[in-house]
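1. turn this into a model:
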Amino acid sequence: MQAKAVFLVICAAFAGFGAAIGWWFAPVIERVVFDSNAAPAPILARGDLAENEAATIALFESARGSVVFIATTTAAHDFWRRRTYETPRGTGSGFVWDDRGHIVTNAHVIANANRATVRLADGGAYPARLVGIDRTHDLAVLRIDTRGVPLLPVALGTSADLRVGQTVFAIGNPFGLDFTLTTGIISALERELPGEGSIVIRGLVQTDAAINPGNSGGPLLDSAGRLIGVNTAIYSPSGASAGIGFAVPVDTVNRVVPQLIARGRYSPPGMGIVTDPRADALLARTGRRGAVVLAVEEGSPAAEAGIVAARLMRNGNLVPGDIIVGIDDHDISTGSELSATLDRYRAGQSVTVHLLRDGRRQQVDIVLQSEA
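-> Residues are numbered from 1 along each chain as shown. Below you'll find the model as predicted:
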């Protein structure tokens, strides 16, 4: 009897709890009444777009047709089944260079790929062939045959007069999300980044426009919709945009790309001398800076200008020759700086070389040649 009484008490308690819950929710349920006169809320007219919004929209709609989506594949070999098959490697961006089908992108976008497909803004996809590649500037040129479909080449600007604070726009395919527009400003100029091996990519434009994996090879545009750079890298601990992106300046692109189209490779301008970073380091220990000339090629512009190379004495001592300390108004402190400075010029241009000879400062004019 006692157990039965306890059971009844417990049941009564749960019944009371259930009644309380019902009391809590019942009024809410009972108050729900359908209204047959319900209608969408009124929309407030916004008026005209702000001037900067309209300008951004017009820029995107004008430039979008010049941007392309690039998908690459790589070959994989199945040892057990004895067959080779293709697997997706990655995606990137690019842009139309001319109406002959040349597409500019980054070298690293197509590195180690055995096939690339270019998709245009109208959705058409075309197989691409490699025309040329220059890893020193992380640039590459592809070519597609659109079978008569007209192409819209990007409008070119200049990077010589860029200023920190200018508004810039990036269009590309971050994480495969095609034709994405981001905007920001130029954060800094003349940045350097390590490339493949011992290569240092110099003169880069830094921007805080969001650049993510997949944006590589896409255009960086100014507020007039002109190309001012090729998005190439980001600095980010997470691998996603941290507001620090880098682009190869368009003046560099406009020097390199025509050579890639014409010859498949880029030949930097030079004067026909040999330098070595170890010699520059030894010079720095003496408190002096410059590019030590170790050798002068016979018949080169440097030889014609009378540049004197270092010479090795019979006792093994190295007698310094000329030390290049400047090109035009650019100071030179190492051989790598000399190469980077000369890369701003074209073969056939004349430069004034400032040098130290026997401790005295001199200058000579040299017409640059194309280095193989």
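2. where does pLDDT dip in the protein?
-> Across the chain, the ranges flagged by pLDDT under 70 are 1-29, 32, 76-88, 195-198, 238-241, 314-316, 318, 372.
3. geometric centre of it: which residue is closest?
-> Thr232 (1.3 Å; Cα atoms, centre = their mean).
4. thinking that residue is in contact with Thr252, fair?
-> No: Thr232 is not in contact with Thr252 according to Cβ atoms under 8 Å; the separation is 10.7 Å. Heads up, the C-betas are built off the backbone N, CA and C, glycines and all.
5. flag every buried residue along stretch 121-141.
-> Judged by neighbour count using 16 or more other Cβ atoms under 10 Å, the buried positions of stretch 121-141 are 121, 126, 128, 131-141.
6. same question for stretch 301-313.
-> In stretch 301-313, counting by 16+ other Cβ under 10 Å, buried: 301-302, 305, 307-310.
7. widest-spaced pair of these?
-> Greatest spatial distance among the buried residues of stretch 301-313 (Cβ to Cβ): Pro301 and Ala310, at 18.6 Å.
8. how far off centre is stretch 348-368?
-> A distance of 34 Å separates the centroid of the chain from that of stretch 348-368, by Cα atoms, centre = their mean, to the nearest Å.
9. now that stretch: buried residues?
-> Neighbour counts over stretch 348-368 (16+ other Cβ under 10 Å) mark 351, 353-357, 364, 366, 368 as buried.
10. so which of those sit within helices?
-> The members of those all map outside helices under DSSP state H.
11. domains for the protein, by residue range?
-> Following automatic domain parsing, one finds the domains of the chain at 61-144, 167-263, 269-370.
12. can you measure across the longest one, start residue to end residue?
-> Distance across domain 269-370, first residue to last, is 5 Å (Cα to Cα, to the nearest Å).
13. the shortest one now?
-> End-to-end distance of domain 61-144 (Cα to Cα): 23 Å.
14. just stretch 33-49 next, same as before
-> 41 Å.
15. what do you get for stretch 341-359?
-> The first and final residues of stretch 341-359 sit 23 Å from each other (Cα to Cα).
16. for the closest residue to Val325 other than its chain neighbours, grab phi and psi.
-> In space, and not counting its chain neighbours, Val325 is closest to Gly290: 4.3 Å by Cβ to Cβ, 6 or more residues apart in numbering. Note on Gly290: its backbone torsions stand at phi 160, psi 180 [degrees, to the nearest 10].
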